[in-house]
Structures are given as C-alpha cells and as structure tokens.
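> Requesting a structural model of the entry that follows:
(one chain, ligands or ions: 2)
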Amino acid sequence: MVLKMELTPFENWLDQNERPFIISGPCSAESEDQVMETARQLARLKKVRVFRAGVWKPRTRPGTFEGVGTPGLQWLRRVKAETGLMTATEVANEKHVYEALKYGVDVLWIGARTSVNPFAVQEIADALSGVDIIVFVKNPVNPDIDLWTGAIERIARAGIKKLGAIHRGFSAFEKTVYRNQPNWQIPIELRRRIPGLPILCDPSHISGARKYIFEISQKAMDLNFDGLAIESHINPNKALSDSAQQVTPEALEEILNRLVLRKPNPADPRLIDELGELRQQIDIFDDHLIELLERRMQICDKIGLLKKRNNITVLQSVRWDEIISKAIVKGQEKGLSNELIDSVFKAIHQESINRQIRIINNGLDVDKK
Ligand code: PEP
Ligand code: MN
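Ligands and ions are numbered 1, 2, ... in the order given. This is a model prediction of the structure:
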C-alpha cells in the first residue's frame, strides 16, 4: 500500500532547508517562569525551531500532575513574541484544538494515547478542517502501523498539508532498558507507505532516560529521519512529568553538537558505484535466502504429511528448543546477535507450524508436487 497525500514538501515549510528539524521544550508547561526561562535558553542555541510544552497532560494514572490547562497557552504566546520560536502543544480533543488556535499556537501534535483512538482523531480532524497549521501525529502506543497510517489519513483528509509524523516508540509488556520499544521497521514502513511525509524521532519518550537520548538520536539520523523532538527543562530533576528523560538546554546543545549527520544521497560517483556493487551482492544473497526458505518449507511439508499419517502433533517443543539453542550458539560464533537469530528462527518456525497445521487439517498431499 502506497498512499498519495497532497502534502506541502518539507523544505517549503520553513525559510531555510534545515536538517535535522528540532522541536524542544519541557514535557509540561509548569509555570510562566519555567516556560520562559527554558524557551530563552533554547532560543540561544540557534538550533531549535519549535518550542514545545504540553498544557493538557495525558497521564497513565490519576492524581499526578495533569497540566496547567489553558493558562499555559498564554505563556506559549509570550514565548513566541519574545524569542521568535514557533510554539507547539498537544491536542487530544476539539476543545484543545479551538483553545490552541485561539492562542496562536503554530504546531499541534496528537499524542500516542490519542492516535490510538479513531474517534478522538476524527474529532480533532473535524475541528482542524480548513485550518492552515502544522500537525504532527505521534505513533499510537501499540505497534500498529495501520492505526498510525489511519490517524495521519484522517488529518490529511481534513485538508492539513503541513503534516508530519513523530516516532515515539511502542509500549511492550516485556521491558528493556528503554521505556518504549523503537521497532524502527515501523516508521521505516510508514515512510514507504506515505512518500514525502516528514518523520521526526522523539528519543525522550523512547528512552525514558536521558542517558540514551544521544544514541537514539544518532540512530534516527542514520536512518534519515527529518528531525528530532527532545524534551528539555531548566531543572529536569524537579520536572512535574517525565523527569528522568528531560535534559537541560545545555545538555541538549551537547547532544546536537555530537550528532554525526550523514548524507542521504551520496553525490560522489565513485561512491555510488561502490554502493551499487555492494547492493547487487546483497540482492544475490537475498535471492539465496528466499530459495533456501522455499526448500526448507518443502521439507517441512513432507514432515507435516508424515505426522498426519502417523497421527502425531505438529508442535514438539523439545525439538524446537533444540533448534533454537543450536542456532543461537552457531549465530554467536558468526557474530550474529541472539536477537537476530531468535526473531528469524521464530518467524521461520511459525511459518512451518502454520503450513503443517494446514496439511494435517486439509490433507494437502505434497507428495504429488
Ligand atoms: C509528550 O510528548 O509529552 C507526550 C505525552 O508524548 P506521548 O504522547 O508520545 O506519550
Ligand atoms: Mn513527556
């Protein structure tokens, strides 16, 4: 699926061609002083284009700080007047949209707990109909590319042309060092589906911890994301929300200065040749992989038939444990990560099981092939 959307090219959003496009500011607007001082320090860096601050905060549990509400929008208006930065806030319903528009907010974003809900997204889209404003749609909390695509489509259908996406990671039951799992293949697939859609990465909400912000930002740059949305607070340890992941404007500057920006399209013809040759080799190996998979599945089908004739179960977990542990050891010897081996073998195994179940139930006779 490739969707055609009438989008304003990213280069035309702004006066100059900036890469990466940086949004920064506190998770929440807490007080006028905190907002103004953070904005002044961020404006001095000259690298931040948009100042963000949430005024309505979607919190997982009640009883925590849920934002200052509409009064915070007056502070954003002051930020814009005094620093020249564009301003951004999160909207989750039509009232938020009307309030934000009334106070001249330049950029709206739809949060991860809202993009998950088509009713809420449609309500926001309807409120935005005919308005010329920048809108970013964060990925839904669950790793569902269709839901993310659908939310973006709803906003595009309302006539929003300066439209982008923000990748903020996906929640998972099994926790890793990151608060949310990046699942990089999902934003990459989104880019394939909606050509021309700018995609930013939000390493703050992916990491949940400031020490990982640089590595995630670098990865996003290497994957050719268009920009970054990073939370910044003048006193992160005292922040009323997302304290562990916020950085001072000074630390943000250091992160941005350390980033290595590589060119997406190499201009040097020798480099293009070399890359082309290596890519041809990759294509050959990919063909081999597909052939090998085909041959492996043919054997699985034969085993399925044997199991059917002898009335034995498809899944034999001892055999599976043996396969996966052997593969992990072999993979390690070849410098392949456990994660790669585990996911590839699990996918292959699942396919084998599906085919065998079909054979056992439908009596597909592979001997005749
Ligand atoms: C935020 O940007 O502060 C926020 C609430 O983000 P998310 O919707 O990604 O959790
Ligand atoms: Mn936050």
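> For the stretch 1-150 of the chain, give me the ranges with low pLDDT.
15-17 (pLDDT under 70).
> Return the residues of it in contact with ligand 2.
Proximity of the stretch 1-150 of the chain to ligand 2, by C-beta under 5 Å from the ion, involves residues residue 27. Where you see a C-beta, it was placed from the backbone N, CA and C, and this is true even at glycine.
> 8 Å instead, please
27, 28, 54, 57 (C-beta under 8 Å from the ion).
> and the first one, backbone torsions?
In this case it means residue 27. Backbone torsions of residue 27, given as degrees, to the nearest 10, read phi -50, psi -50.
> Can you give me every residue that contacts it?
Going by C-beta atoms under 8 Å, 6 or more residues apart in numbering, residue 27 touches 53, 54, 57, 204, 231, 233, 239, 241, 242, 245, 246.
> just checking, which of the residues you listed belong to strands?
Among the contacts of residue 27, the members falling in strands are residue 231 (criterion: DSSP state E).
> closest to ligand 2 among the contacts of residue 27?
Of all the contacts of residue 27, ligand 2 sits closest to residue 242, with 3.8 Å by C-beta to the ion.
> Can you pull the phi and psi angles for the closest one?
The phi/psi pair for residue 242 (degrees, to the nearest 10) is phi 50, psi 50.
> That one reaches residue 232, doesn't it?
No. Using C-beta atoms under 8 Å, residue 242 is not in contact with residue 232, being 11.0 Å away.
> any idea how far residue 179 lies from ligand 2?
10 Å (C-beta to the ion, to the nearest Å).
> helix/strand/coil for that residue?
Of the three states, residue 179 takes coil according to DSSP: H, G, I helix; E, B strand; the rest coil.
> So which residues on the stretch 151-300 of the chain come close to ligand 1?
Within reach of ligand 1 by C-beta under 6 Å from any ligand atom, the stretch 151-300 of the chain has these residues: 168, 205.
> where along the stretch 151-300 of the chain do the helices fall?
Counting by DSSP state H, counting those that start in this stretch, the stretch 151-300 of the chain has helices at residues 185-193, 203-207, 213-222, 249-258, 269-310.
> Just give me how far the following helix or strand past the longest one sits from the chain centre.
Right, the one you point to is helix 269-310. Later in the chain than helix 269-310, the nearest helix or strand by DSSP states H and E is helix 317-333. Remark: helix 317-333 is offset 31 Å from the chain centroid, using C-alpha atoms, centre = their mean, to the nearest Å.
> repeat for stretch 77-90
The answer for stretch 77-90 is 25 Å, by C-alpha atoms, centre = their mean.
> Which residues does it contact?
Residues outside stretch 77-90 that contact it (C-beta under 8 Å, 6+ apart): 23, 25, 32, 35-36, 39-40, 42-43, 48-58, 72-73, 76, 96, 100, 103-111, 114, 134, 136.
> Also near ligand 1: which of those residues, exactly?
Counting by C-beta under 6 Å from any ligand atom, the subset of the contacts of stretch 77-90 that neighbours ligand 1 consists of 54, 58, 111.
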